[in-house]
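S.K.: here are the coordinates; sequence isn't available:
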């Protein structure tokens, strides 16, 4: 092997790199190298020349990796391949070595340019990353907006479905309530019709029974008073105009035929009986009224409560028309007949005792007109056992 200390270093004429004596090409810049003579190398010193006129000797190169080899080497120091001295030689591939001297200045320029390029690439990557992030954020925002719109549409559709179902339920409920109401009305009408029919039947039966009872009572009764006729002159005051009999009776029958003094359109009128009288304003009062009603009151001094009343469909109201009133009273019960038709039963349990009996008019104040009279006939009283 050649002693390197006896040969001055050789430099690349282009970039200034130290060159091995047997290199033909600079491994850094690729410049062709011509070896200098020993005298040129000694005069060159340590400074790199601009050109080297020495032709290089043929180099030995590793046949596997191509590394330049020195004479006398038995194997390649890089890959370990054995060296064949008889094999044709390839142009040497200069090894990579560290730079010194002028090459450092060239490498610093190259390093600056590489750093600038790296910075530009980094900025470009940062810009691209920012752009991608912006696109991603925009895409994410659009996706979120799309999802929100989808949720709002779903919510709206659900609300519409709920509202539709509620409307259906309300319609069904209304229909059910209407059907229930119709059933209730039909049941009520049926019940009313049945009640009316029952009442009519009961009234007819009671009327027949009362008529039969009345006939029986008449057969078993005897006359205490009458028959008599008379007139009750109207006096516009606060008193009832009466004609008293001279009898006291607890159970009996009283009947009379009354003639209307005038038409109800001219003035109101009334007439009837007072029975079980035991003193001033202490009696029962039964009378008919020109508005087509009947009334039973119980006078107890200044207190005159109404015990019962009702409408009359068979009361004659015209001027001069006649109406027959018959009252049967036995114990705590009574029966009323108008024009020979049974009207109602009466509760007389509030006063069961013997008392006077009278016929009268003007039971209500204002039902008399001065100069007119209420006439009566067939006023008769029967006593019952």
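M.R.: On my side now, so go ahead. Just so you know, these numbers come straight off a predicted model, no measurement behind them.

S.K.: need the helices for the stretch 101-250 of the chain, in chain order.
M.R.: Taking DSSP state H, counting those that start in this stretch as the criterion, the stretch 101-250 of the chain carries its helices at 102-220.

S.K.: how much space separates residue 116 from residue 129?
M.R.: 20 Å (Cβ to Cβ, to the nearest Å). The way it works is simple: take the backbone N, C-alpha and C, and place the C-beta from them, glycine included.

S.K.: the residue lying closest to residue 319 once chain neighbours are set aside in helix, strand or coil?
M.R.: Spatial nearest neighbour of residue 319, chain neighbours left out: residue 263 (4.3 Å); criterion: Cβ to Cβ, 6 or more residues apart in numbering. When classified by DSSP: H, G, I helix; E, B strand; the rest coil, residue 263 comes out as coil.

S.K.: show the backbone phi and psi for the nearest residue to residue 250 once chain neighbours are set aside.
M.R.: Nearest in space to residue 250, with sequence neighbours left out and distances taken as Cβ to Cβ, 6+ apart, is residue 354 at 4.4 Å. Main-chain torsions, residue 354, degrees, to the nearest 10: phi -70, psi 140.

S.K.: would you agree residue 354 is in contact with residue 252?
M.R.: No - at 10.0 Å, residue 354 does not count as touching residue 252 under the criterion of Cβ atoms under 8 Å.

S.K.: which ones are touching the residue nearest to residue 250?
M.R.: If you count contacts by Cβ atoms under 8 Å, 6 or more residues apart in numbering, residue 354 has them with 248-250, 276.

S.K.: just among the residues you listed, which is most surrounded?
M.R.: Counting neighbours by other Cβ atoms under 10 Å, the top entry in those is residue 276, with 23 neighbours.

S.K.: residues contacting that residue?
M.R.: 250, 283-284, 329, 348, 351-357.

S.K.: go on, residue 357?
M.R.: 225, 244-245, 247, 249, 252, 254, 273-277, 381.

S.K.: how near is the closest residue to residue 246 other than its chain neighbours to residue 77?
M.R.: The shortest distance from residue 246 to any non-neighbouring residue, by Cβ to Cβ, 6+ apart, is to residue 225 (7.6 Å). For residue 225, the distance to residue 77 equals 172 Å [Cβ to Cβ].

S.K.: neighbour count: the two, which is higher?
M.R.: Counted by other Cβ under 10 Å, residue 225 and residue 77 do not tie: residue 225 has more neighbours, with 17 against 11.

S.K.: verify the stated contact: the more buried one with residue 243.
M.R.: No - using Cβ under 8 Å, residue 225 makes no contact with residue 243, being 10.8 Å away.

S.K.: quick one: common contacting residues for these two?
M.R.: Contact criterion Cβ under 8 Å, 6+ apart; residues bridging residue 225 and residue 243 by contacting each: residue 379.

S.K.: who touches the spatially most central residue of the chain in this structure?
M.R.: For the chain, the residue nearest the mean C-alpha position is residue 166 (7.7 Å; Cα atoms, centre = their mean). Residue 166 makes no contacts at all, as judged by Cβ under 8 Å, 6+ apart.
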